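Asks: coordinates only, sequence not included:
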């Protein structure tokens with residue numbers, strides 16, 4: 001939300017991001033930093049936040065999971081055709097938002113459960129991502145538990161979920177939203193519903209991926 005500058009002392013170097021816990025309490029993978037930067041158009045300033053890095057990291061994790069499931073490699077994808085819409089986006093003054101949207105489309109098509117030609121789609125996906133300098137790491141290095149970098153305190157989560165449920169019942173939606181966001185920061189995703197027997201609101205939770 002403000003300009004980074006040496007005089008303000010509010011900047012961080014790539015070296016520090018890679019090798020220290022100064023920003024966000026832990027080091028970051030180089031590819032996470034690259035993707036977070038790529039998501040902003042080159043003519044626009046980058047809003048450099050921990051949340052942006054976490055979002056980039058989770059997206060990369062999901063994409064690597066697709067590659068692992070299909071067993072594709074950079075070598076097998078080297079001759080795959082590039083999606084026309086993806087190339088059109090890059091030729092449109094590096095319309096990176098549109099190009100990344102096309103990567104999401106390709107990733108969805110590459111999921112094993114979506115199509116019988118998933119491996120071929122995964123190769124197209126990897127070829128396009130490689131063109132942006134993404135998905136060049138060893139997929140095995142993106143183990144979800146290792147990537148998350150946090151341990152879930154189940155007792156604390158249950159307590160916060162109960163507090164949020166009480167806030168919802170009291171129609172204190174500001175507090176409910178605050179607790180939801182706090183749980184998201186802890187790596188917990190909520191699913192609200194109703195008890196089929198009583199009709200009372202209930203909330204289930206899971207570790208977000």
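Replies: Cool, got the structure. Everything quoted here is computed from the prediction, not taken from an experiment.
Asks: Helices of this protein, residue ranges please.
Replies: For the chain, applying DSSP state H gives helices covering 14-19, 30-38, 50-70, 74-77, 84-91, 96-110, 118-131, 144-148, 154-169, 173-185.
Asks: ranking those by burial, who's on top?
Replies: Ranked by mean neighbour count under mean count of other CB atoms under 10 Å, the helices of the chain are led by helix 118-131, which reaches a mean of 22. Every residue, glycine included, has its C-beta placed from N, CA and C.
Asks: before we move on, back to that, closest to residue 5 out of the helices of the chain?
Replies: With CB to CB as the measure, helix 14-19 is the member of those nearest residue 5 (15.9 Å).
Asks: Residues contacting the closest one, please?
Replies: Applying CB atoms under 8 Å, 6 or more residues apart in numbering, the external contacts of helix 14-19 come out as 22, 23, 27, 28, 30, 33.
Asks: for the protein, which spans come out with low pLDDT?
Replies: Scanning the chain for pLDDT under 70 picks out the ranges 113-116, 143-152, 197, 208-209.
Asks: domain parsing for this structure?
Replies: For the chain, the structural domains run 14-142, 154-207, going by automatic domain parsing.
Asks: Let's have the ones you listed in a markdown table, adding distance to residue 8.
Replies: Rendered in a markdown table, the data for those read as follows (distance: least, CB to CB, whole Å):
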| stretch | distance to residue 8 |
| --- | --- |
| domain 14-142 | 13 |
| domain 154-207 | 25 |
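Asks: what's the closest of these to residue 7?
Replies: domain 14-142 (17.1 Å).
Asks: Check the offset of the closest one from the chain's centre.
Replies: Relative to its parent chain, domain 14-142 has a centroid offset of 10 Å by CA atoms, centre = their mean, to the nearest Å.
Asks: Quick check: end-to-end length of that domain?
Replies: 20 Å (CA to CA, to the nearest Å).
Asks: so which of the domains of the chain comes closest to residue 3?
Replies: Across these, the minimum distance to residue 3, taken as CB to CB, is reached by domain 14-142, at 8.1 Å.
Asks: hmm, back to that, want to throw the helices of the chain into a markdown table with distance to residue 1?
Replies: As requested, those are arranged in a markdown table below (distance: least, CB to CB, whole Å):
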| stretch | distance to residue 1 |
| --- | --- |
| helix 14-19 | 19 |
| helix 30-38 | 16 |
| helix 50-70 | 12 |
| helix 74-77 | 38 |
| helix 84-91 | 28 |
| helix 96-110 | 20 |
| helix 118-131 | 30 |
| helix 144-148 | 27 |
| helix 154-169 | 27 |
| helix 173-185 | 17 |
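Asks: Of these, which is nearest residue 201?
Replies: helix 154-169 (6.2 Å).
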